[in-house]
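S.K.: model this:
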Amino acid sequence: MAHQQLLPLPVQRHCLLPLNTKNRSQRTATTPKSTLVHCLCSGRDGETRNAPARINLDEIPPNALRRKMDSLWRGGFSLGVDLGMSRTGLALGKGFSPRPLTVLDLRGQKLELRLLEIAEREEADEFIIGLPKSHDGRETPQSNKVRSVAGRFAVRAAERGWRVYLQDEHGTSMEALDSMIDLGVKKSARQGRVDAFAAMMVLERYFSMSGYGAELVLPKQLDLQQKLLRGPAKDKDFFPENVEA
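M.R.: This next block holds a predicted model:
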């Protein structure tokens, strides 16, 4: 992720709950940590408080984990997001083949709406947003700002049954630069594309861990949680059995 400072935003406190999976018994000591869910819960006075999630999290694992659990599972693409103050890099992936997509010079509501448009066009049903952390895995002030942006965007995404996840992005900027060098991207072209390659690195890390370690950003509204449970409308080209005669 490009080292750009996000605009100051209110910091929210979240509750983290492990996402239990049906194949937990098959995990070994070397398997990455379980997926987490972020539950944004506000009290009547508007203060954000910790509270338990209200849905069965086994029913909404990330795409990477679904593919690991069921080789015949058919689902949507994943959109990687490298969030910056002025530029946001995007990458697209399905399975283990992510690729850089584009870089957006947008912020705020315009950025959120554009992300939704691109996801619909590219048939993506989940967003993997890079979460800045320090070299020792600690969260930073930048982490809180990204969480705030992700929390607001997760509400918009959930309205369509789409999920938002946070994935540790530490080191992805250097990995992106190395990838561009290996691919022969000219030095003059790297600056304009590094954010998209950083988003690709976020996706590669997400897929390499089969979704373990990613965090689901869960809206507090019960109706939106139910939409996440139902998921997006199924594409008739992939699910012809769901099309009425």
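
S.K.: And for residue 202, the neighbour number?
M.R.: Neighbour count of residue 202, defined by other Cβ atoms under 10 Å: 32. To be clear about C-beta, it is placed using only N, CA and C from the backbone, and glycine gets the same treatment.

S.K.: So what's the residue count around the spatially closest residue to residue 73 that is not a sequence neighbour?
M.R.: Closest residue to residue 73 apart from its sequence neighbours, by Cβ to Cβ, 6 or more residues apart in numbering: residue 66 at 4.9 Å. By the criterion of other Cβ under 10 Å, residue 66 has 16 neighbours.

S.K.: Let me see the mean pLDDT of the strand or helix carrying residue 66.
M.R.: Here residue 66 sits within helix 63-69, counting by DSSP states H and E. For helix 63-69, mean pLDDT is 88.

S.K.: just stretch 200-219 next, same as before
M.R.: 91.

S.K.: What of stretch 175-182?
M.R.: Stretch 175-182 carries an average pLDDT of 69.

S.K.: Number the chain from 55, please
M.R.: From this message on, residue numbering opens at 55, which makes the last subject stretch 229-236.

S.K.: can you pull the buried residues of the lengthiest helix in the chain?
M.R.: Ranked by number of residues, the top helix in the chain under DSSP state H is helix 241-262. Judged by neighbour count using 16 or more other Cβ atoms under 10 Å, the buried positions of helix 241-262 are 247-261.

S.K.: same for that helix, what does it pack against?
M.R.: strand 131-136, strand 142-147, strand 153-158, strand 178-185, strand 217-222, helix 226-236 (3 or more Cβ pairs under 8 Å, 6 or more residues apart in numbering; DSSP states H and E).

S.K.: which residues touch the helix holding residue 120?
M.R.: The contact list for helix 117-123 (Cβ atoms under 8 Å, 6 or more residues apart in numbering) reads 75-77, 89, 115, 127, 129-130, 132, 148-149, 179-180, 260-261, 263-266, 268.

S.K.: quick revisit: got the CA positions of the longest helix of the chain in PDB?
M.R.: Provided in PDB are the C-alpha atoms of helix 241-262 (Å, rounded to 0.1, in the frame of the first residue of the first chain):
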ATOM      1  CA  LYS A 241      10.400   2.500 -13.900                       C
ATOM      2  CA  SER A 242       8.400   5.400 -15.400                       C
ATOM      3  CA  ALA A 243       5.200   3.400 -15.300                       C
ATOM      4  CA  ARG A 244       5.600   1.900 -11.800                       C
ATOM      5  CA  GLN A 245       4.400   4.900  -9.800                       C
ATOM      6  CA  GLY A 246       1.000   5.000 -11.500                       C
ATOM      7  CA  ARG A 247       0.500   1.200 -11.100                       C
ATOM      8  CA  VAL A 248       2.000   0.400  -7.700                       C
ATOM      9  CA  ASP A 249      -1.300   0.700  -5.900                       C
ATOM     10  CA  ALA A 250      -3.100  -1.800  -8.200                       C
ATOM     11  CA  PHE A 251      -0.100  -4.200  -7.800                       C
ATOM     12  CA  ALA A 252      -0.300  -3.700  -4.000                       C
ATOM     13  CA  ALA A 253      -4.000  -4.700  -4.100                       C
ATOM     14  CA  MET A 254      -3.000  -7.800  -6.100                       C
ATOM     15  CA  MET A 255      -0.500  -8.700  -3.300                       C
ATOM     16  CA  VAL A 256      -3.300  -8.300  -0.700                       C
ATOM     17  CA  LEU A 257      -5.400 -10.800  -2.700                       C
ATOM     18  CA  GLU A 258      -2.500 -13.200  -3.200                       C
ATOM     19  CA  ARG A 259      -1.900 -13.200   0.600                       C
ATOM     20  CA  TYR A 260      -5.700 -13.700   1.200                       C
ATOM     21  CA  PHE A 261      -5.800 -16.700  -1.300                       C
ATOM     22  CA  SER A 262      -2.600 -18.200   0.000                       C
END
